[in-house]
Structures are given as C-alpha cells and as structure tokens.
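Engineer: below: sequence and its predicted model.
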Amino acid sequence: MPHDLNIVLVEPEIPMNTGTIGRLCLATETTLHLIEPMGFEISDSKLKRAGLDYWKFIQVKIYPNLDNFFQKIPPDAPKIFFSTKGKSEFFEHTFKKNSYMFFGSETRGLPKSLLESHRDSTYRIPQYDDRVRSINIANAVGIAVYEAIRQLGYK
C-alpha cells in the first residue's frame, strides 16, 4: 500500500457509519481497526448495506478492547486522535506513513483518559457554526484520510 494508513474506530455504535467507513477504507487501501464493544454485530444487515458487497474485501481487524489493540501495534507507531476537544486543527498535523487515526463512538467520542494521555496528538476538524456539535464520523474519517493521502502522495 502506498501510505499504509490505519483507521481506528473506538466502540462504534452505528452500523451504517462503520459500513461507509469500511467502503472508504477499501477504496483508499486503508486498514480498518474496530475496538469493541460495538453497538452492532459484524453480520448486521445495515453494516453490509452501507459497505455494499465490498465488506468481504475490506482489511478489517477487531480487538476486544483498547489495551489489547495497543499491545498489538508497534509502540512507536504514529498516532493521531480526532476530537472536537482537540486544541489544534488537524491541518497543522504532518501525517506519516503507518499512521493510526483514532475516532470515538458517535455519541461519546474518544474516552477522556485516551484524550488526556494523548493531548499533544489530539486534533479537531474545524467547524464554523456552533450549533453543530460535530460532523458525522464517516465524513470526519473521509476528510482525515484524504488529507493524509494528499500529504503523503498519491499512488
């Protein structure tokens, strides 16, 4: 893969979002990591509908919890955390090959302890209207993946 990017969804809740993100991961040759518990089963028809018939081709890995996930990836792997609580906009981040991009559940975001322990690598996607709490997670992942690809270069 040209960029070896990784998307990490921490406790995703909505199958259609995860299916859409999975489809994006396939299109961009990005690996999808799912951290349990999830608000759906992988066999969920809504997940498959959003991922269409692509789900079987997606590089997806499932972990029982964050601790297990962190034990399985290189400790020095580049990590970037996305949250509305980020102090800096993600355009200020320089992406590296093999980066892991973390996104939290749709209703809770990333765990507070994770954000606190990675404060310097937590970024936000800019929003200009305060009436919007956050953008849809599938949109956020798409924005982040394509900015990373733009920085790292195309195939």
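Structural biologist: Here it is on my side, so go on.
Engineer: what ranges do the helices span in this structure?
Structural biologist: Under the criterion DSSP state H, the chain contains helices at 15-27, 45-51, 66-72, 112-117, 137-152.
Engineer: show me what counts as buried in the fourth one.
Structural biologist: In terms of neighbour count (16 or more other CB atoms under 10 Å), helix 112-117 has its buried residues at 114-115. The C-beta positions use only the backbone N, C-alpha and C, and glycine is treated the same way.
Engineer: thinking again about what came up before, quick one: which of the helices of the chain is nearest Leu5?
Structural biologist: Among these, helix 137-152 comes nearest to Leu5, with 5.6 Å by CB to CB.
Engineer: now do the closest one and helix 15-27, the angle between them.
Structural biologist: Computed with axes from the mean of the first three to the mean of the last three CA atoms, to 10 degrees, the direction of helix 137-152 lies at 20 degrees from that of helix 15-27.
Engineer: from what I can see Gly39 touches Ile14, true?
Structural biologist: Yes. Gly39 lies in contact with Ile14 (CB atoms under 8 Å); the separation is 6.6 Å.
Engineer: who's more crowded, these two?
Structural biologist: Ile14 (21 against 15; other CB atoms under 10 Å).
Engineer: surely that one and Met38 touch.
Structural biologist: No. Ile14 is beyond contact range of Met38, at 9.7 Å (criterion: CB under 8 Å).
Engineer: who's in contact with the closest residue to Asn98 other than its chain neighbours?
Structural biologist: Spatially, and ignoring its direct neighbours in sequence, Asn98 is nearest to Asp4 (4.6 Å; CB to CB, 6 or more residues apart in numbering). By CB atoms under 8 Å, 6 or more residues apart in numbering, the contact set of Asp4 is 31, 97-98.
Engineer: okay, and the helix or strand of this structure with the least pLDDT?
Structural biologist: helix 45-51 (a mean of 58; mean pLDDT, DSSP states H and E).
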